[in-house]
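Peer 1: Pasting the sequence and the predicted model now:
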Amino acid sequence: MPTDALRAVRDRIGAGEFGMDERMQQAVAGRVDDLIESVTAAERALAKLPLPSVSDAAAKMAYLFYASGHGWKRYLAESSASAAAGIAIGDAIQTTIAPILPILEQEIAARHSTGVMVRAGTWALPCAVCDSDAVSMTRTKVGPAEQEQLVITSLSPVTVFRPVTGPRMQDLIVLLDTSDVETIINYLRETQPGGCDAACPECRRLYCKTHYAIEAQWSGSWHEATYATCPLGHEHEID
Ligand SMILES: [Zn+2]
Ligand SMILES: [Zn+2]
């Protein structure tokens, strides 16, 4: 079973091998159970007949990356015992997901993209997994005397919208009407400080919030960074 490696670490934690205190041991074992469950669900979704459920599998993988992400690693770094368990868990995750990722990649690549979707005053670029909006751009005017702007959604819970105005907005609208997603992403990357955060720089696909693991890191009330990890495990900083 592909989850064998994670189950083995789970057993080692349960046997007290890492020397964590009881509270920590329970929390860590509970999280490993959670990871096992999401991998199992992802596999089941990919093996579904007559057709695999790519959307479910990708969502489960995104959850796995979230649950084993920055916040979790920070928590494990609190003591040397839990840090050691964290290394073992990290290795087990890699072993576990290695056979699943190429299958998921293949399924996502096989999907046909719907291209730019146009609704009244709004253009949307679809998620590579589920076709729901990965990023949408809406033409608005704040007030009658105000300049028109194109409001671009962001994945970040900190910077929720990014506006574009003037000639760049006009250029972008022309591109949106040509429906060439790749060109639109490149244009946003080159001209906008926030780029196109819904585009994974590694697999070059767009994903929605359900299919990204999004983690904002805080130090008290200070926002340090926000990371997005695609269902194939590629992480990029978005804020
Ligand atoms: Zn999606
Ligand atoms: Zn990716």
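Peer 2: Yep, it's here. Numbers count the residues shown, from 1 in each chain. Ligands and ions are numbered 1, 2, ... in the order given.
Peer 1: How about R7, nearest residue that isn't a chain neighbour?
Peer 2: Leaving aside its chain neighbours, R7 sits nearest to I36 (6.5 Å; criterion: CB to CB, 6 or more residues apart in numbering). Any C-beta I mention is one placed from the backbone N, CA and C, and that applies to glycine too.
Peer 1: what residues are up against A198?
Peer 2: With contact set as CB atoms under 8 Å, 6 or more residues apart in numbering, A198 has these partners: 125, 134-135, 154-155, 206-208, 212.
Peer 1: Can you sort out which of these also neighbour ligand 1?
Peer 2: Restricting the contacts of A198 to those near ligand 1 by CB under 5 Å from the ion leaves C208.
Peer 1: Could I have the buried ones of the contacts of A198 as PyMOL selection syntax?
Peer 2: Filtering these down to the buried ones (16 or more other CB atoms under 10 Å) takes a single PyMOL command:
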select buried, resi 125+134+135+154+155+206+207+208+212
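Peer 1: Looking at the contacts of A198, which are in strands?
Peer 2: Assigned to strands by DSSP state E, the following of the contacts of A198 qualify: 125, 134-135.
Peer 1: any idea which of these is the one closest to G71?
Peer 2: Within these, the smallest distance to G71 is 23.5 Å, found for A134 (CB to CB).
Peer 1: roughly how far apart are the closest one and G90?
Peer 2: Distance of A134 to G90, computed by CB to CB, to the nearest Å: 29 Å.
Peer 1: Show the contacting residues for the spatially most central residue of the chain.
Peer 2: Closest residue to the average C-alpha location of the chain: Y212 at 1.8 Å, with CA atoms, centre = their mean. Going by CB under 8 Å, 6+ apart, Y212 touches 62, 155, 198, 228-231.
Peer 1: Before I go, just wanted to say thanks for your time.
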